[in-house]
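J.: Quick one, what's the 3D model for this:
(one chain, ligands or ions: 1)
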Amino acid sequence: MADNKVIICCKCKKELIPKKVYFKYLGHSFFTDILKCPDCGEVFIPEELVKGRMAEVEMQLEDK
Ligand SMILES: [Zn+2]
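T.: This is a model prediction of the structure:
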């Protein structure tokens, strides 16, 4: 897992820092770490999160 790649805010040219955020999606909520710019607050949501975590939530919904 290459989880240590640095992502730079395209506006401020600052390194994004991991931050725990509260997510709400399809009525489900969870905490997850996302990268956030300390300056402008721009967040970077990796595709893995969208495909992994969101799909997980969707599967939970289908089970019911
Ligand atoms: Zn920024």
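J.: Now do the buried residues in the helix or strand of the chain with the lowest mean pLDDT.
T.: For the chain, the helix or strand with the lowest mean confidence is helix 47-63, at a mean of 79 (criterion: mean pLDDT, DSSP states H and E). Judged by neighbour count (16 or more other C-beta atoms under 10 Å), helix 47-63 contains these buried residues: 53, 57. Bear in mind the C-beta positions are built from the backbone N, C-alpha and C, glycine included.
J.: Output the contacting helices and strands for it.
T.: Helix 47-63 sits against strand 17-25, strand 28-36, with contacts defined as 3 or more C-beta pairs under 8 Å, 6 or more residues apart in numbering; DSSP states H and E.
J.: May I have the last one exported as PDB, CA atoms only?
T.: Yep, that's strand 28-36 we're talking about. Taking only C-alpha atoms (Å, rounded to 0.1, in the frame of the first residue of the first chain), the coordinates of strand 28-36 have been written out as PDB:
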ATOM      1  CA  HIS A  28     -25.200   6.300   6.500                       C
ATOM      2  CA  SER A  29     -22.400   8.100   8.300                       C
ATOM      3  CA  PHE A  30     -18.900   7.200   9.200                       C
ATOM      4  CA  PHE A  31     -15.600   8.800  10.100                       C
ATOM      5  CA  THR A  32     -12.700   8.600   7.700                       C
ATOM      6  CA  ASP A  33      -9.300  10.100   7.100                       C
ATOM      7  CA  ILE A  34      -9.100  12.400   4.100                       C
ATOM      8  CA  LEU A  35      -6.400  14.900   3.000                       C
ATOM      9  CA  LYS A  36      -7.200  18.500   3.600                       C
END
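J.: Could you list the paired strands of it along with their orientation?
T.: Each strand that strand 28-36 pairs with, and the sense of that pairing, follows from DSSP bridges: strand 17-25 (antiparallel), strand 43-44 (antiparallel).
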